[in-house]
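Asker: the following comprises the amino acid sequence and a computationally predicted model.
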Amino acid sequence: MANKLTLSVLAALLLLGACKSNTEQGNASAKSSATMEEAKGQPEEAEITAAPRVPAPIGNRAPKKLIVKLLTTEIQGEIADKKKYTFWTFNNIVPGSFIRVREGDEVELHLRNDANSVLPHNIDLHAVNGPGGGAEASSAVAGQEAVFTFKAMNPGLYVYHCAAPPVPMHIGNGMYGLILVEPAGGLKPVDKEYYIMQGEFYTKARTDSVLEFDNDKAVAEHPDYVLFNGKKGSLLGANMIEAKVGETVRLFVGNGGPNLISSFHVIGEIFDNVYQEGGSAVTHNVQTTIVPAGGSAIVEFKVDVPGEYVLVDHALSRAFNKGAIGKLKVTGEKDPKIFKKGGFDK
Ligand SMILES: [Cu+2]
């Protein structure tokens, strides 16, 4: 604990030092010198997390070499209403681990296909400049590991997914996740960051309690479930995401599809900033933002009033009938100047 604390203090001091030198040099020159610097030194293993958590911000560091390890698996888990489903996953979770790197980082990606898998799997990262986003270079049969290296050249929030045939089936079974490529200098600090990824599931009964992929429903684009983070209720009850009044919240929102476009909305909030489609263009004061199949958006907002805020795909039958619903719980003091029940004070 003491060590951890010491490290935190050291990290804070280093960060302060970095900020100070940034101010002295001016942001423009700091950015260009960092961008020019080639990744040096020994590679480090990247921190990766399971939704709705995300790894720590990159901050203002130079590019470096990172190793990212992913495991593809075919495992049974609960999808909804006590029904099981055989998910195909990256790192045993849907969506797969959140990967966070910096513009200019060189990434050595290890994709191991679990020995118990039936099918070959691979990964196409939309953050990659190269054939298939790495799909062919990472193709692995059961028990095999494939490795490829790429340079993260374009900042943004990118989807990754399995691209082994039949691709809609691999994605439809849950093989997708997000990789964030932070710009030089990092994203502006916020108080809370969360990882939410939508995907739809096309199912038929294998037994009374186990569902499996239904290709006819997938081709017709008629899902039984449209879900956040691979499970009905993944962001409800004890699993709600949280913030305090006055905090800024950043949501990294992805859409694995495989077919539907999401109309992402938080009931009772307005997005102060939206990085449209996960790119570099930022718009303000947005009510609902499009998250394309195979695409993303970053949304940011400050929470002003306590309560439970409902996250939905505003194609609302998906939210209220098929599962695309979650909640953000905001605690803290009420502010009757911003919102209150009843009329003006007399
Ligand atoms: Cu696959």
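Answerer: Perfect, thanks for sending it.

Asker: please list the residues of the stretch 1-150 of the chain that sit near the ion.
Answerer: Contacts of the stretch 1-150 of the chain with the ion, taken as C-beta under 5 Å from the ion, map to H121. Placement of C-beta: from N, CA and C, glycine included.

Asker: quick one: low-confidence parts of the stretch 1-150 of the chain?
Answerer: Across the stretch 1-150 of the chain, the ranges flagged by pLDDT under 70 are 1-39.

Asker: ok, now which ones touch the closest residue to the ion within it?
Answerer: Distances between the stretch 1-150 of the chain and the ion by C-beta to the ion are smallest at H121, namely 3.4 Å. Taking C-beta atoms under 8 Å, 6 or more residues apart in numbering, we find H121 in contact with 72, 88, 111, 113, 139-140, 162, 164, 170, 175.

Asker: show me which pair in the residues you listed is furthest apart.
Answerer: W88 and S139 (14.5 Å; C-beta to C-beta).

Asker: name the element the residue nearest to the residue of the stretch 1-150 of the chain closest to the ion when sequence neighbours are not counted belongs to?
Answerer: Nearest residue to H121 in three dimensions, chain neighbours excluded: T72, at 3.9 Å (C-beta to C-beta, 6 or more residues apart in numbering). Using DSSP states H and E, the element containing T72 is strand 64-80.

Asker: so what does that strand touch, helix or strand wise?
Answerer: Judged by 3 or more C-beta pairs under 8 Å, 6 or more residues apart in numbering; DSSP states H and E, the packing partners of strand 64-80 are strand 40-45, strand 83-90, strand 98-102, strand 106-113, strand 225-228.

Asker: in its sheet, what does that strand sit against?
Answerer: strand 40-45 (parallel), strand 83-90 (antiparallel), strand 106-113 (parallel) (DSSP bridges).

Asker: give the closest residue to C162 in space, chain neighbours not counted.
Answerer: M175 (3.6 Å).

Asker: pretty sure the one you found contacts G96?
Answerer: Yes. Look at M175 against G96 with C-beta atoms under 8 Å: they come within range, at 7.3 Å.

Asker: returning to what we had before: have a look at W88 and S139 and say which one is more surrounded.
Answerer: A count of neighbours by other C-beta atoms under 10 Å puts W88 above the other of W88 and S139, at 24 against 19.

Asker: hang on, isn't the residue nearest to H121 packed against T89?
Answerer: Yes. Here T72 reaches T89: they are 7.0 Å apart, a contact under C-beta under 8 Å.

Asker: now list whatever residues contact both of the two.
Answerer: With C-beta under 8 Å, 6+ apart as the test, T72 and T89 both reach M175.

Asker: what sits against E308?
Answerer: 240, 327-330.

Asker: closest one to Y309 out of those, please.
Answerer: For the contacts of E308, the nearest to Y309 is L328 (4.4 Å; C-beta to C-beta).

Asker: dump the residue contacts of the residue nearest to N229 when sequence neighbours are not counted.
Answerer: In space, and not counting its chain neighbours, N229 is closest to A51: 4.6 Å by C-beta to C-beta, 6+ apart. Listed by C-beta under 8 Å, 6+ apart, the contact set of A51 reads 93, 95, 98, 194-197, 229, 234.
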